[in-house]
Structures are given as structure tokens and as C-alpha cells.
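> quick one, what's the 3D model for this:
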Amino acid sequence: MSTPKTGGSFPGKFCFFLRGASPKKGSLGTLRLRHILAEDGCKESQVALAKSLLTIPSSNFEERSCNAQLAVYWLLQAAEKGQEEAYLLLKDCVSSGIGINAKNHPKIEKCLNFTEEEKISRRIAFSLFQAIMSDTEDLVPEHIFREKIDLILKEESVEKLSTKTADDPPLLQQQPYQPKIDQSSLRNQAHVSFSEVVNSVQSCLEELFLIKDIM
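Here you go, the predicted model:
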């Protein structure tokens, strides 16, 4: 089964390789790899690609404008997954008016108005989304879906509180045994969307009262 991409699409998003200043051969290969990873939804690569777009020199206004708007596009993709540096860079772009247009401005405003809880939910949801889509089975049992949310929430909480030690048993070993359930409780992972995972994470955060612990 093919893994759905979370990078989205943007016409001409690779144009900075074809127009304007040409990167050196070595850096060109790196940028192409970053582009592939960004297309596959890697938020770190999306930020790295955006930073490259913002720093490519060009004396042509149209090329600079194109690159800046592409950079904002990738920053939005990363910020929607909870990538903190992407938020900061988006704020800088808004302050300086770089890459902002009538189409992306509403999305940027919405993104920059995320609460800390929403940022946490999105960061956890993206980790969960990757975990779900890395499974080899087409169907994910409901309890496994919830179990993964709980596991990632615990890992997030432990990381934030810096309380985990090398002697602690892996969290996977701490998960209680779950009995098998019938087919009606299975999710087809081909139809699990990122927004659905975000909603599930937010629901679990409310149920498990972990927001305060994570903060």
C-alpha cells in the first residue's frame, strides 16, 4: 500500500532550481533530497527547504517573489505539524512582508493563532500519523490506534518533564495487554487523514488530562 503524502502540492515549487541563481552541484543534490523528503511530509526538511528558498540570491524580483512564496508554503506545511521553528520563521515573514499574498495570508493567520495546546496536539498527531502509516497492515484495530496515541502522549510528557532515565523500561513494555476485537472496530489506514488524527489526539488529551503535565 502506498503511503499518502502530507506535503501537499504547489505548482512550480521546485522552480528555484530552474531559475535564478544556480546552487553548486553538491548543494543542488542536497536540496533535491530535501525537496523529496519535504514532499513526503518531513517537517524538518520542509523548514530546511524553506530556509534555502529564502536565502537563494537573485536580482530578479519575480524569482525572489516566487521563492519567498514557496518558502512560506513549506513553512505552513511544517507549522501545521507543530514544528516550532516554522512558527518563528512564519512570524518573521509576516513582519517583513516576505512571501505573503492574498491566498496564503488567511492560512498564516490561522496557523499563528494556534494555542499551545493546539501546537502540542498537532506535533503529537504528526508523530502518530507517521506511526500509523508505517504499519504493514491495511487495517488498524481501534485499540491499537488509541494505544499509539497514548504511547506518544506519554513519550511527549516524559520528554518535556525530563524525568526518563536509562533504567526506565520502554513504554511499549508498560502497555497493558489488549484483547482482540472484531472487524467492526478496525480502521482502514488508507482512509486515516491527518486532521482525523489531530482530532483524536485532542480528544485523548482531554480524556487523559495530560496537557498540564506536558506544559
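> and the gap between Leu33 and Ser127?
Relative to Ser127, Leu33 is positioned 22 Å away (criterion: Cβ to Cβ, to the nearest Å). Any C-beta I mention is one placed from the backbone N, CA and C, and that applies to glycine too.
> neighbour-wise, which of those two wins?
Taking other Cβ atoms under 10 Å, Leu33 and Ser127 do not tie; Ser127 has more neighbours (21 against 13).
> show me what counts as buried in the host helix or strand of that one.
Ser127 belongs to helix 116-133 when assigned by DSSP states H and E. Residues of helix 116-133 classed as buried: 119-133 (neighbour count, 16 or more other Cβ atoms under 10 Å).
> now swap in stretch 37-53 and tell me
Of the residues in stretch 37-53, those scored as buried under the neighbour-count criterion (16+ other Cβ under 10 Å) are 37-39, 41-43, 45-50, 52-53.
> got those residues as TSV, with distance to Cys66 columns?
Converted to TSV, the buried residues of stretch 37-53 look like this (distance: Cβ to Cβ, whole Å):
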residue	distance to Cys66
Leu37	21
Ala38	16
Glu39	18
Gly41	23
Cys42	22
Lys43	22
Ser45	20
Gln46	17
Val47	19
Ala48	18
Leu49	14
Ala50	13
Ser52	14
Leu53	9
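> helices - which of the residues you listed land there?
The helices, defined by DSSP state H, take in Leu37, Ala38, Glu39, Lys43, Ser45, Gln46, Val47, Ala48, Leu49, Ala50, Ser52, Leu53 from the buried residues of stretch 37-53.
> what separation is there between the third one and Trp74?
Spelled out, that is Glu39. For Glu39 relative to Trp74 (Cβ to Cβ), the value is 10 Å.
> CA atoms only: put the helix or strand that Glu109 is a member of into CSV for me.
Here Glu109, judged by DSSP H and E, is contained in helix 105-112. Output of helix 105-112 as CSV, limited to C-alpha atoms (Å, rounded to 0.1, in the frame of the first residue of the first chain):
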residue,chain,number,x,y,z
HIS,A,105,-2.4,35.1,4.4
PRO,A,106,-5.6,33.6,6.0
LYS,A,107,-3.8,30.3,6.5
ILE,A,108,-0.9,32.0,8.1
GLU,A,109,-3.1,34.0,10.4
LYS,A,110,-4.9,30.8,11.5
CYS,A,111,-1.6,29.0,12.0
LEU,A,112,0.0,31.7,14.1
